[in-house]
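Chemist: Need coordinates for the below:
(2 chains)
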Amino acid sequence: MEKLTVAGTSFESRLFTGTGKFSSNLQMAETIAASGSQLVTVALKRVELDGRQDDLLAQIGNTGARLLPNTSGVRTAEEAIFAARLAREALQTSWIKLEIHPDARYLLPDAAETLKATEVLAREGFVVLPYIHADPVLCKRLEEAGAAAVMPLGAPIGSNGGLQTRDFLRIIIEQSNVPVVVDAGIGAPSQAAEAMEMGADAVLVNTAIAAAARPLQMALAFKLAVEAGRLAYEGGLASRHSGASATSPLTAFLSPV
Amino acid sequence: MSFYKELRRYNWEEVRRSIYRKTPAEVERALGKDWPDLEDFKALLAPAADAFLEPMAQQSAALTRRRFGRTMQLYLPLYLSNFCENRCVYCGFSGSNPIRRKVLNEEEILAEVRTIKQEPFRHLLLVTGEAPQKAGTAYLEQVLRLLQPAFSQLSLEVQPLDTSDYARLAEARLHAVYVYQETYNEATYPQYHPFGRKANFRYRLETPDRLGAAGIRKVGLGTLIGLEDWRTEAWFTALHLQYLRRRYWQSRYSLSFPRLRPFAGEGFQPRVLTNERDLTQLICAYRLFDADVELSLSTRERPAYRDGVVPLGITALSAGSKTGPGAYSGNHELEQFAVNDERSPREVAEMLRRQGFEPVWKDWEPCLQQAATI
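Modeler: As a prediction, the model looks like this:
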C-alpha cells in the first residue's frame, strides 16, 4: 500500500480519527491504538492550553499519533486565525484543522471564512487542513490558497449518513493536487471502504467509532476497511459494465483501420 | 418581530386540549419520524405517550449518544448575590422573604474560587437575584474579568438585560446566558410574579431575542415545573426554540427543567404535581424533537433519579452545588433552594465513569471567541 504524504510527512495509516465522544480518555487512547491511526484531531476547546496538566492530551500523547488541533467553536476566519496561532504556541504544532462552523446546530462549515483563514494561515507557515463542503470549486480555491489537504464532508457531522456527497467527492478527487480526506458523516466501515475505493487519500472517522457499542472492535473494523478500500483502489477495480456485446454492432459501418 | 408576536398566535387552553387529545396512534407515528414536528411533539408530550416511555427512552438515549457521545458536561453555579426586588411567590430569594441579603465583593468571590478550585470545574454559572443597583451590568462585567483566568467558560443566570448590556458582557467573554421564562402562560404569569421588573412578561419573553441579537453563543431556555401544566409549557418552550433557531442560527441552545422544591419562606407549594416518570417523558420528548439541543439537569433532583436519567438524554449536570452567596466558603444561611443531590463533584464524576461516561470539565476555550486582527 502506498504511503500517504501530507505536507512532507508520511503516514502508514490512511485512517484519521477524532478524540471526542469516548466514554473515557483511556478508552479513546486504546481505540486510537487499535485503529492504527497516526493523525488524531482534538478540539482546542477540550484541552488546557496554558500548560496545566491535561489528561486528554496526555492520553493522546501515549498513542504516539500526530496531533491535529481543530478550531471547532469558532465562527469567523478571524477567530480561527487567533485560535490557530495560540494552538501553535501551546501545543507545539503548526498543523491545524480548520473548522469554522457558525451554524451551531449542524456544524456546517462556512466556505467564505474557511478560504479566508486558509490564505492567512498558509502564508504564516501553518499546515492547514480545512473541513469544508464537498464543493469541487472551493477545493481548488483552497488548494491555490495553500491548503495542505482538503477535507470535504460525506454527510453532516455525527449523522453517520455515509457518502451523501458521492458525486461531488468524485470530482474533487479527480481534480485535486493535494490529498483529499473525506471527513464527517462516515458511519460504517463499508462507507469508509467506498471512499477509499473512489480514490480518497484518507478518511477521518470519530462518531462511528466512539459511539459504537464496542469502540475497540469498531476501530479495527475501520482500519481493515480503509486498507481494503485503498488496496482495491491501487489494484485497479474492474469495470462495473457487464461486457455483453450487442448483437447488431453500432460501428460496423466504419471502414477498417 | 419578536417571539411575543409569535406566542400571541396561540391560545394556551387550545394547545393544552390538543395535547391531551393525542392518541396512541399519533404517538406511534411521532416515534416513527426522523424529524418530528411541533404536532408530533404534542403527541410525545401527551398522556397517551406514557405507555410508550420505554421506546421513547431507547430512541432518546441512542440519539443522544450519536450526537453527544459518551461524555457529560459538568458545571457549578456560583451565587453572587441574593438581593432581589421581585416577589416571585415560589422563590427563596423573593424580596418579601425576611432573609439576610448579601452581594459578594471581589475578596469574597476569590474566597469562593479558592474552595471551588479544589475541584476540577472549568465552567462556572454565575447566579444573582434581580437587583440592578446591587448587581448590575458593570458588576457582572467586573466579575467576569475577575474570574477569567481561573475558568474557561463563564455563564450567567441573572436578571434579563438589554441587548447593549449583553454585547458588553460578550466582550468580557461571557459565553452563555440562561433566562427561564418560568411560565409561557401570559394570563397566569402575574399571579406568580406580582411585583418588580420580572412582572413584565413581555420583556422577559423577548430576552432570548436580545441574546441572539447580541451574539451570545449559548442561550438557555426553561420553565419552572410546578406552576402550570408541564406538557403545555414544554410545547411552548419547543415553539420558542424553533423560533430562535430560525432567527439566531449561530447560537447554541440549552433546555432546563427545574422542578419546584420546598424552601423556607412564603410556603408556596407546586400547583401542578409532577413525578419522576413525567420528568423522564419530558426529557425524552425534548430529545426526540431536537437531537442537537443541550439538556441540563440540576441538583434539585435526587441522586438515584439523576443517575438513572443521565444516559437517557441529558448532556450537562451541575454537581456539588451550593445555592447561596458565599456558600462554598462556609456561609449556608442564604440559600435559594434545597439541593437534593448533595454528593461532591468527584462522587458524581465517579458515578458517570461507572456508567461509561467521561466527565467533561472543560468544553470551551476563551481564545476561540477572541477576534484577531488579520
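Chemist: export stretch B:257-277 as CSV, just CAs?
Modeler: Below are the C-alpha coordinates for stretch B:257-277, written out as CSV (Å, rounded to 0.1, in the frame of the first residue of the first chain):
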residue,chain,number,x,y,z
PHE,B,257,-36.5,21.7,33.6
PRO,B,258,-36.2,22.8,37.2
ARG,B,259,-38.9,21.3,39.4
LEU,B,260,-40.2,23.3,42.4
ARG,B,261,-38.9,22.1,45.7
PRO,B,262,-39.7,23.0,49.3
PHE,B,263,-38.0,26.2,50.6
ALA,B,264,-38.0,28.5,53.6
GLY,B,265,-40.4,31.4,53.1
GLU,B,266,-43.9,32.0,52.0
GLY,B,267,-44.7,28.3,51.7
PHE,B,268,-45.7,28.2,48.1
GLN,B,269,-46.4,24.6,47.1
PRO,B,270,-46.3,23.4,43.4
ARG,B,271,-49.7,23.9,41.8
VAL,B,272,-49.3,21.0,39.4
LEU,B,273,-47.7,17.9,40.7
THR,B,274,-45.2,16.1,38.5
ASN,B,275,-43.4,12.8,39.3
GLU,B,276,-40.2,11.5,38.0
ARG,B,277,-41.9,9.5,35.3
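Chemist: neighbouring contacts of that stretch?
Modeler: B:50, B:53, B:89-92, B:94, B:96-97, B:99, B:180, B:222-230, B:279, B:282-283, B:295, B:297-298, B:300-301, B:305, B:309, B:336-338, B:340 (C-beta atoms under 8 Å, 6 or more residues apart in numbering or on different chains). Backbone N, C-alpha and C define where each C-beta goes, glycine included.
Chemist: among those, which are in helices?
Modeler: Among these, DSSP state H puts B:53, B:230, B:279, B:282-283, B:305, B:309 in helices.
Chemist: Which one of the residues you listed is nearest to chain A?
Modeler: residue B:309 (17.7 Å; C-beta to the nearest C-beta).
Chemist: Spatially, what comes nearest to that closest one if we skip its sequence neighbours?
Modeler: residue B:280 (5.9 Å; C-beta to C-beta, 6 or more residues apart in numbering or on different chains).
Chemist: Now which of the ones in helices among the contacts of stretch B:257-277 would you call buried?
Modeler: B:53, B:230, B:279, B:282-283, B:309 (16 or more other C-beta atoms under 10 Å in any protein chain shown).
Chemist: and stretch A:158-171, which residues are buried?
Modeler: For stretch A:158-171, by 16+ other C-beta under 10 Å, it's A:158-165, A:168-170.
Chemist: and that stretch, how far apart are its ends?
Modeler: 24 Å (C-alpha to C-alpha, to the nearest Å).
Chemist: Any part of that stretch near chain B?
Modeler: Yes - judged by C-beta under 8 Å from any C-beta of the partner chain, stretch A:158-171 and chain B are in contact via A:158, A:160.
Chemist: neighbouring contacts of that stretch?
Modeler: A:107, A:133-136, A:152-155, A:180, A:182, A:184-188, A:191, A:194-195, A:198, A:200, A:207-208, B:66-67.
Chemist: swap the cut-off to 7 Å and go again
Modeler: A:134-136, A:152-155, A:182, A:185-187, A:191, A:194-195, A:198, A:200, A:207-208, B:66-67 (C-beta atoms under 7 Å, 6 or more residues apart in numbering or on different chains).
Chemist: Which members of those residues occur in strands, if any?
Modeler: A:152, A:182 (DSSP state E).
Chemist: residue boundaries of the strands in the chain?
Modeler: Looking at chain A here, since you left the chain open. With DSSP E as the criterion, chain A has strands spanning A:4-6, A:9-11, A:15-18, A:39-43, A:66-70, A:95-98, A:127-132, A:151-152, A:181-183, A:202-205.
Chemist: ah, no, chain B please
Modeler: Counting by DSSP E, the strands of chain B are B:71-81, B:123-128, B:153-157, B:176-178, B:218-222, B:252-256, B:294-297, B:316-318, B:358-360.
Chemist: what about the fourth one, distance to the chain center?
Modeler: Relative to the mean C-alpha coordinate of its chain, strand B:176-178 is positioned 8 Å out (C-alpha atoms, centre = their mean, to the nearest Å).
Chemist: Packing partners of that strand?
Modeler: For strand B:176-178, the packing partners by 3 or more C-beta pairs under 7 Å, 6 or more residues apart in numbering or on different chains; DSSP states H and E come out as strand B:153-157, strand B:218-222.
Chemist: go on, the third one?
Modeler: Packing contacts for strand B:153-157, counted by 3+ C-beta pairs under 7 Å, 6+ apart, involve strand B:123-128, helix B:137-147, strand B:176-178.
Chemist: mind running it again at 8 Å?
Modeler: strand B:71-81, strand B:123-128, helix B:137-147, strand B:176-178, strand B:218-222 (3 or more C-beta pairs under 8 Å, 6 or more residues apart in numbering or on different chains; DSSP states H and E).
Chemist: For my notes, please list these in TSV and give mean neighbour count and mean pLDDT for each entry.
Modeler: Shown next, in TSV, are these (neighbours: other C-beta atoms under 10 Å in any protein chain shown; pLDDT from 0 to 100):
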stretch	mean neighbour count	mean pLDDT
strand B:71-81	24	95
strand B:123-128	24	95
helix B:137-147	18	96
strand B:176-178	24	97
strand B:218-222	21	96
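Chemist: Could you report the neighbour count for residue A:8?
Modeler: Counted with other C-beta atoms under 10 Å in any protein chain shown, residues neighbouring residue A:8 total 7.
Chemist: before we move on, back to that, the residue nearest to residue B:309 touches residue B:60, doesn't it?
Modeler: No - using C-beta atoms under 8 Å, residue B:280 makes no contact with residue B:60, being 9.2 Å away.
Chemist: okay, these two: which has more neighbours?
Modeler: Legend: neighbour count by other C-beta under 10 Å for residue B:280 and residue B:60, higher for residue B:60 (26 against 20).
Chemist: give the contact list for that one.
Modeler: Contacts of residue B:60 by C-beta under 8 Å, 6+ apart are B:283-284, B:287-288, B:312-313.
Chemist: excluding its backbone neighbours, what's nearest whichever residue of the stretch 1-150 of chain A sits closest to chain B?
Modeler: Nearest to chain B, among the residues of the stretch 1-150 of chain A, is residue A:21, at 2.1 Å (C-beta to the nearest C-beta). Excluding the flanking residues, the one nearest residue A:21 by C-beta to C-beta, 6+ apart is residue B:69, at 2.1 Å.
Chemist: mind checking pLDDT for the one you found?
Modeler: Residue B:69 carries a pLDDT value of 92.
Chemist: lowest confidence element among the helices and strands of chain A?
Modeler: helix A:55-63 (a mean of 84; mean pLDDT, DSSP states H and E).
Chemist: helices or strands up against that helix?
Modeler: Against helix A:55-63 (3+ C-beta pairs under 8 Å, 6+ apart) you get helix A:25-35, strand A:39-43.
Chemist: ok, what's across the strand from residue A:16?
Modeler: residue A:204 (DSSP bridges).
Chemist: returning to that earlier point: mean pLDDT, distance to residue A:68 and mean neighbour count for the helices and strands packed on helix A:55-63 - can I get that in CSV?
Modeler: Putting the helices and strands packed on helix A:55-63 into CSV (pLDDT from 0 to 100; distance: least, C-beta to C-beta, whole Å; neighbours: other C-beta atoms under 10 Å in any protein chain shown) gives the following:
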stretch, mean pLDDT, distance to residue A:68, mean neighbour count
helix A:25-35, 91, 12, 21
strand A:39-43, 93, 4, 23
